[in-house]
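Undergrad: sequence-free structure coming up:
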């Protein structure tokens, strides 16, 4: 193997091995999580869920989604997810994937960030939970990564 072939092989190997991008048929999503939040497990559900290191989870829930302005308790209940504490805020906005609702909760020393992305016949939830001391930097990294969230169906 000559030197340029070896270099090309190493670069391609690193590009494939170093990529954090995940594509899930079960969730119907492509997503690149923040560095350090590696995919740990994927469960077909229902609802389908991907669990990452560092307290990040993605859910894809089949069925008619709640309204974008529905209370977060209704949204989480439709997914079978318990409300993660006392609601701190609820807002609406838009990601590249579409309109979203954003919620924050606090329970004891932990905080949870929730994004709700309604689709035609399903909805996607992004949950990030961390101790208060790690929540600020971690939630900022998760929110920046949401620009890579792309529904595939």
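TA: Thanks, I have the structure now. Everything numeric here is computed off the predicted structure, so don't read it as measured data.
Undergrad: do you know the pLDDT at residue 2?
TA: Residue 2 carries a pLDDT value of 56.
Undergrad: contact partners for the closest residue to residue 62 other than its chain neighbours?
TA: Closest residue to residue 62 apart from its sequence neighbours, by Cβ to Cβ, 6 or more residues apart in numbering: residue 122 at 5.0 Å. C-beta here means a position set from N, CA and C on the backbone, and glycine is covered the same way. Shown in contact with residue 122 (Cβ atoms under 8 Å, 6 or more residues apart in numbering): 28, 60, 61, 62, 63, 65.
Undergrad: would you turn the residues you listed into a markdown table with secondary structure, distance to residue 40 and neighbour count?
TA: Formatted as a markdown table, the contacts of residue 122 follow (DSSP: H, G, I helix; E, B strand; the rest coil; distance: Cβ to Cβ, whole Å; neighbours: other Cβ atoms under 10 Å):
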| residue | secondary structure | distance to residue 40 | neighbour count |
| --- | --- | --- | --- |
| 28 | coil | 20 | 17 |
| 60 | strand | 17 | 25 |
| 61 | strand | 20 | 24 |
| 62 | strand | 23 | 14 |
| 63 | coil | 26 | 12 |
| 65 | coil | 26 | 20 |
